[in-house]
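Visitor: Structure of the sequence below:
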Amino acid sequence: MDWSIYAPYVPLIFMPLVGGFIGWVTNMIAIRLLFRPYEPISILGIPFQGVIPKRRAQMAQQIGSIVAQQLLSWEDLFTKFDKNKFYQDLTIQAAEAVEKRVLEKIPSIVPHSFAKNIAHGIGDMVIKEAPKFIADMEGNIKDKLTNEIDIAAIITEKINGFDMAYLEQLTLELAHKELRTLEILGGVLGAVIGLFQAGLILFIK
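Guide: I've put the predicted structure just below:
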């Protein structure tokens with residue numbers, strides 16, 4: 001059997017295979033280069049570093065700002081916070097602590113039942129007056145929390161503190177299917193381009 005008659009059609013098989021392999025490998029390498037190398041290296045005198053490690057500080061700051069301004073602001077936290085229950089629990093705990101402290105300070109010469117009544121009376125006073133005091137302080141508490149606790153700065157610091165190898169592993173695990181799809185699409189696109197080139201070669205001949 002003369003196989004030479006099939007020689008013109010070899011590019012229709014060979015070139016799509018090569019193109020698909022090149023496209024798949026190219027996308028796979030491109031995904032890895034998002035993270036690697038972690039530290040800057042010099043290639044022919046040109047500094048090179050993975051995109052994410054190189055821009056991590058800027059990305060961390062932007063993520064922190066977005067989260068603090070649009071996803072988890074102090075206003076959102078205050079809205080979801082059940083302040084009435086919190087204030088009630090805080091008042092009860094304060095009253096119990098005051099009663100206990102008063103009992104400790106009253107001389108033992110005072111009858112225990114009498115001392116207990118005094119402490120309980122003061123505790124009742126705390127329960128009555130504490131909500132008003134807390135309500136007056138609510139605005140100051142909000143301002144203090146908002147001004148002194150910077151959510152964006154905390155998130156930025158946390159992201160900058162991540163080990164880059166761990167961050168890479170986490171990203172690859174979370175987006176495994178999507179990244180795998182990109183690699184496959186690279187192979188498919190390369191195969192299509194190879195098939196087009198092979199067809200073009202046959203057409204020209």
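
Visitor: Tell me which helix or strand Leu34 sits in.
Guide: For Leu34, there is no helix or strand it lies in under DSSP states H and E.

Visitor: Just confirm it contacts Val51, I think it does.
Guide: Yes - judged on CB atoms under 8 Å, Leu34 makes contact with Val51 at a distance of 5.2 Å. Any C-beta I mention is one placed from the backbone N, CA and C, and that applies to glycine too.

Visitor: Before we go further, Val126 is sitting in a helix, right?
Guide: Yes - assessed with DSSP: H, G, I helix; E, B strand; the rest coil, Val126 lies in a helix.

Visitor: And for the worst-scoring helix or strand of the chain on mean pLDDT, what's in contact with it?
Guide: For the chain, counting by mean pLDDT, DSSP states H and E, helix 74-80 ranks last in confidence among helices and strands (a mean of 75). Here helix 74-80 makes contact (CB atoms under 8 Å, 6 or more residues apart in numbering) with Lys142, Leu145, Thr146, Ile149, Ile151.

Visitor: Let me know the closest of those residues to Ala57.
Guide: The shortest gap between Ala57 and any of the contacts of helix 74-80 belongs to Ile151, at 17.7 Å (CB to CB).

Visitor: contacting residues around the closest one?
Guide: Per CB under 8 Å, 6+ apart, neighbours of Ile151: Gly64, Val67, Ala68, Leu72, Ser73, Trp74.

Visitor: Show the buried residues in those.
Guide: Gly64, Val67, Ala68, Trp74 (16 or more other CB atoms under 10 Å).

Visitor: okay if I get these as CSV plus secondary structure?
Guide: CSV is the format used below for the buried ones among the contacts of Ile151 (three-state DSSP):
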residue, secondary structure
Gly64, helix
Val67, helix
Ala68, helix
Trp74, helix
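
Visitor: tell me the contacts of Gly64?
Guide: Counting by CB under 8 Å, 6+ apart, Gly64 has contacts Ile151, Ala152, Ala153, Ile154, Ile155, Thr156, Ile159.

Visitor: on that earlier part again, residues of the least confident helix or strand of the chain that come out buried?
Guide: If you call a residue buried by 16+ other CB under 10 Å, then helix 74-80 has these buried ones: Trp74.

Visitor: Stretch 114-123 now?
Guide: In stretch 114-123, counting by 16+ other CB under 10 Å, buried: Ala115, Ala119, Ile122, Gly123.

Visitor: ok, residues contacting that stretch?
Guide: With CB under 8 Å, 6+ apart, stretch 114-123 has contacts from Ala95, Glu96, Val98, Glu99, Lys100, Val102, Leu103, Ile106.
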